[in-house]
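J.: Okay, sequence plus prediction incoming.
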Amino acid sequence: MSKIFLTDPQTGKTYPGDEHTVTNLLRENAALIRTIKELQNDGNDDHLFDYMKQLHRNIVWLSSTTDESSTRTTQ
């Protein structure tokens with residue numbers, strides 16, 4: 001799980017999403033997609049929903065970050 005979803009114990013705020021974080025999150029998404037595909041092919045859906053939830057959370061965060069940066073550049 002990426003640290004962007006954790007709270008900094010010193011400040012109580014979430015970690016910022018910089019370029020390094022986005023790159024790591026994209027790598028994590030690729031790994032999640034491979035794992036989901038393997039689980040589906042094996043017919044093993046014990047943890048499938050958990051991985052799908054993680055992937056969804058990551059995609060939503062990435063899209064909201066993109067929306068925020070698009071809004072800043074157009075203003």
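T.: Nice, I can see it.

J.: contacts and neighbour counts: CA atoms only from here.
T.: OK.

J.: which secondary structure element contains the most centrally placed residue in the chain?
T.: Taking C-alpha atoms, centre = their mean as the criterion, N58 is the residue nearest the geometric centre of the chain, at 2.2 Å. Taking DSSP states H and E as the criterion, N58 maps to helix 48-74.

J.: Give me the buried positions along that helix.
T.: By 16 or more other C-alpha atoms under 10 Å, the buried positions in helix 48-74 come out as 48, 51-52, 54-55, 58, 61-62.

J.: on contacts alone, who are the packing partners of that helix?
T.: helix 19-42 (3 or more C-alpha pairs under 8 Å, 6 or more residues apart in numbering; DSSP states H and E).

J.: before we move on, the earlier item: could I get the buried residues of helix 48-74 as TSV with pLDDT?
T.: TSV is the format used below for the buried residues of helix 48-74 (pLDDT from 0 to 100):
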residue	pLDDT
L48	94
Y51	96
M52	96
Q54	94
L55	96
N58	92
W61	89
L62	90
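
J.: Tell me which two in those are the farthest apart.
T.: L48 and L62 (21.2 Å; C-alpha to C-alpha).

J.: could you point out where this protein is predicted with low confidence?
T.: 1-8, 14-16, 67-75 (pLDDT under 70).

J.: I'd like the buried residues of helix 48-74 as TSV, with distance to D18 appended.
T.: TSV is the format used below for these (distance: C-alpha to C-alpha, whole Å):
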residue	distance to D18
L48	29
Y51	24
M52	24
Q54	19
L55	19
N58	14
W61	12
L62	11
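
J.: Between those, which sits nearest N29?
T.: Taking C-alpha to C-alpha as the measure, L55 is the one of those closest to N29, at 6.0 Å.

J.: Setting the sequence-adjacent residues aside, check what's closest to that closest one.
T.: N29 (6.0 Å; C-alpha to C-alpha, 6 or more residues apart in numbering).

J.: so that neighbour makes contact with R57?
T.: No - using C-alpha atoms under 8 Å as the test, N29 is too far from R57 to be in contact (10.0 Å).

J.: pull the CA atoms of stretch 42-50 into CSV?
T.: The C-alpha coordinates for stretch 42-50 follow below in CSV (Å, rounded to 0.1, in the frame of the first residue of the first chain):
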residue,chain,number,x,y,z
ASP,A,42,-6.9,-19.8,-11.3
GLY,A,43,-10.5,-19.4,-10.2
ASN,A,44,-9.3,-18.2,-6.8
ASP,A,45,-11.4,-15.3,-5.7
ASP,A,46,-10.6,-15.4,-2.0
HIS,A,47,-8.7,-12.1,-2.0
LEU,A,48,-9.8,-10.9,-5.4
PHE,A,49,-12.2,-8.2,-4.1
ASP,A,50,-9.5,-6.8,-1.8
